[in-house]
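A.B. asks: structure for the following, please:
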Amino acid sequence: MLAACRRHRRGRPSAPKIPDGEKVDFDDIQKKRQNKDLVELQGLIDAHFECRKKEEEELIALKERIEERQRKEEADAKKKFEEDAKKKSALSSMGSNYSSHLQKVR
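C.D. replies: Numbering: from 1, shown residues only. Below is the predicted model:
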């Protein structure tokens, strides 16, 4: 995606067309060149910011996925810890019941 945003097609620069005749209005040629450059620059700026906007959206989505994954992993770890605690408690209870049963038998 990023590489696609950075690719800008540039045409070959063309020489300004000089009208036939004796007088050449260099100021007009300069103004046209500046206007053309300004339009091209504005297009590049617009493309850049559009690309940045897409990248920002992708970054936000990535951060959200990472946070969601972390929350899920924390919930899974907590659940596993609670299950292990219940198993230990049950085993401990079974062991104490068995030992008290053995004392009664003796």
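
A.B. asks: now Lys86: how far from Met94?
C.D. replies: 12 Å (CB to CB, to the nearest Å). Yep, even glycine has a C-beta here, placed from its N, CA and C like the rest.

A.B. asks: for whichever helix or strand Lys78 is part of, packing partners?
C.D. replies: According to DSSP states H and E, Lys78 maps onto helix 26-105. On a contact count with 3 or more CB pairs under 8 Å, 6 or more residues apart in numbering; DSSP states H and E, helix 26-105 meets helix 2-6.

A.B. asks: and the helix it packs on, average pLDDT?
C.D. replies: Helix 2-6 comes out with an average pLDDT of 53.

A.B. asks: tell me the pLDDT at Glu67?
C.D. replies: Note on Glu67: pLDDT of 98.

A.B. asks: list the contacts of it.
C.D. replies: Residues in contact with Glu67 (CB atoms under 8 Å, 6 or more residues apart in numbering): none are found.

A.B. asks: quick check: which ranges of the chain have low pLDDT?
C.D. replies: For the chain, applying pLDDT under 70 flags the ranges 1-13, 15-22, 96-106.

A.B. asks: how about a cut-off of 80?
C.D. replies: Residue ranges of the chain with pLDDT under 80: 1-24, 94-106.

A.B. asks: pull the number of nearby residues for Ala52.
C.D. replies: Careful, residue 52 is Arg; it's not Ala. 11 (other CB atoms under 10 Å).

A.B. asks: what separation is there between it and Leu59?
C.D. replies: 10 Å.

A.B. asks: go on, Gln70?
C.D. replies: Taking CB to CB, one finds Gln70 at 17 Å from Leu59.

A.B. asks: ok, Lys72 next?
C.D. replies: Distance from Lys72 to Leu59, by CB to CB: 21 Å.

A.B. asks: same deal with Arg65?
C.D. replies: Distance from Arg65 to Leu59, counting by CB to CB: 11 Å.

A.B. asks: now do Glu74
C.D. replies: Here the criterion is CB to CB. By it, Glu74 lies 23 Å from Leu59.
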